[in-house]
Each structure stands twice: as structure tokens, then as C-alpha cells.
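Chemist: The sequence isn't on hand, but the structure is:
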């Protein structure tokens, strides 16, 4: 078994350096091969210095590290480039501001020893106490489901797939993800397509990383959640426009609950109204802009890879 780990980065040399150091500190105790693919999404010159210094400190990784450049901005485009060059039968994704644990890749390998596993998500915790509790996924119980969900099942900072999944359902939708107007959603949209195609999703909390996302104020958290609202609406609209009845039901529920989510605080939570309203504002923008965006961009050959169902 070979695992291809894909990390995309853009002008974040310092977090990338920390991520690479933690990757090199893993045990690599399992019986598997691996490669690390770093995709530069239009970074500055500091990016090259970071990688050169890393290879000098860890020469055992020199023949396993591959560096690519995607000149068109967008996380989905960068991930698709990494995917096109990956030689592994298991494709693993994490982010440049993530700190992996020492047994992270071993645990992914152990999970995929099950031949019936095709899609895996892992636990994402905060790297520092000073960070806002966003961009994390924290359930401590294992989950196995084939049910497409309007909510999150995992996140792109810690996910893995058998290559077969991409061959069947397509790649990441380049209209979604960081660096696009919708600013996210490429991960959950891919999960949705794979679930609709009949693949089971497994969430394994033992596959653990820490997210050092650098958002320490409530204003920064609300901006991120606003983007999540846009992205969530966009991927649901995409599938509703394609006649997906389940997506149509999700779209109906999304619109119907907007007034309640604007005025009512989450049960048992403290002062969630600012975040809820940020998400509602993002959802409304996503609902208003995504139909035209999705309809006008259906002809691209690159995007068609993400339309296969």
C-alpha cells in the first residue's frame, strides 16, 4: 500500500515549516510506502527557502518529497494538481497550518487495511488555547455512515480516500474552496458526491491532527463562518440544480430555518448570535450568487471532473 499525502500552501512559509517538521517526526512504523506532495499555489520566494531548509534537515525525505506549482489561485485547483501527480492508491489531504501527530500516517494506514474502507475523516483539534473554536472537528466517537448529510462529516484538514473514489465521482470542484468567491465547501461537497455514489464515510477520532489556524478574535471567527455559510449554500444549490431531490430538500430546510437561526441562540451555548448571524449572512449571499455561478460555469472540461455522479 502506498499513501500519497497532499499539502497545498500559499504564502504561509512559517506554518508550512511547522507542519513539515511535525510530518518528519512521525514514527512511520507501518508496512507501507508514502510520498509527500507539496503544491505551491502562487507563493512568494520564501516558500522555496522553507522547503530547501527542510530537506537539509531531513534528507531521508528527499526522495519522497515532490514540489508542484499551481499558478491559478484556488485550493481545489491546487489539490487537483496534487491528485493528478500522486502515485499512491490512498490519497491523504491535510493543510499547511496543521500539526500532525506522531502516529497520524500509521493510523490512516491501519484504517485502510480494511479493504471496504474508501473514505476517511479524522479528528481536528485546536493547536493552541488562544485560538477561536472554529475550523475544527472534535467528536470523540467513531462514526460510519452512508447517509448524505447537510452538515459536516469531517474536514479537508484531515481526510483520506482510495483513488477509486476520485475515478468514479470526480475531483474537487474548482468553483469551491479557499481562494474562490465561496471560500470553502470543496471538502464537504466531495463527501456528498461520494456518499450519493454509495461509498461509506468513516470518521475515526484516532486519526488526529491539531489545527493552528491563527484566528484569535471573534471577528476573525465570524469572517470564517460567513465564508462557510456561502460555501454550504453553494454546494447544496449546485446539486439541487442538477435535479438531486435530497439536495432540494436540504435547500428547502436551509431557507426555511434562516429566520430562526438569525434570532435564536443555540441551546446550551453562550453568545452564539454573532456567529449564527455571520453564517446566515453568508448563506443568503451564497443562495443569491451560486445559481448563476453554477449554471454559467458548467462547460469547463476541468470542472466536469467534479460533476460526475
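Modeler: Yep, it's here. Fair warning: this is a prediction, and the values are worked out from it, not measured in the lab.
Chemist: going forward, measure contacts between C-alpha atoms and count neighbours the same way
Modeler: Will do.
Chemist: can you pull out the strands in this protein?
Modeler: Using DSSP state E, the strands assigned to the chain run over residues 2-9, 33-40, 65-69, 90-95, 98-100, 119-126, 143-145, 158-162, 201-211.
Chemist: ok, and which of the ones you listed has the densest surroundings?
Modeler: strand 98-100 (a mean of 27; mean count of other C-alpha atoms under 10 Å).
Chemist: which strands and helices sit next to that one?
Modeler: helix 13-24, strand 201-211 (3 or more C-alpha pairs under 8 Å, 6 or more residues apart in numbering; DSSP states H and E).
Chemist: Throw these into JSON lines and include mean pLDDT and distance to residue 248, thanks.
Modeler: JSON lines is the format used below for the helices and strands packed on strand 98-100 (pLDDT from 0 to 100; distance: least, C-alpha to C-alpha, whole Å):
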{"stretch": "helix 13-24", "mean pLDDT": "93", "distance to residue 248": "39"}
{"stretch": "strand 201-211", "mean pLDDT": "97", "distance to residue 248": "22"}
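Chemist: need these in JSON lines with distance to residue 128, can you?
Modeler: Below are the helices and strands packed on strand 98-100 laid out as JSON lines (distance: least, C-alpha to C-alpha, whole Å):
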{"stretch": "helix 13-24", "distance to residue 128": "13"}
{"stretch": "strand 201-211", "distance to residue 128": "8"}
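Chemist: one step back: switch the strands of the chain over to a markdown table; also include distance to residue 24.
Modeler: Shown next, in a markdown table, are the strands of the chain (distance: least, C-alpha to C-alpha, whole Å):
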| stretch | distance to residue 24 |
| --- | --- |
| strand 2-9 | 12 |
| strand 33-40 | 10 |
| strand 65-69 | 11 |
| strand 90-95 | 14 |
| strand 98-100 | 10 |
| strand 119-126 | 19 |
| strand 143-145 | 29 |
| strand 158-162 | 17 |
| strand 201-211 | 14 |
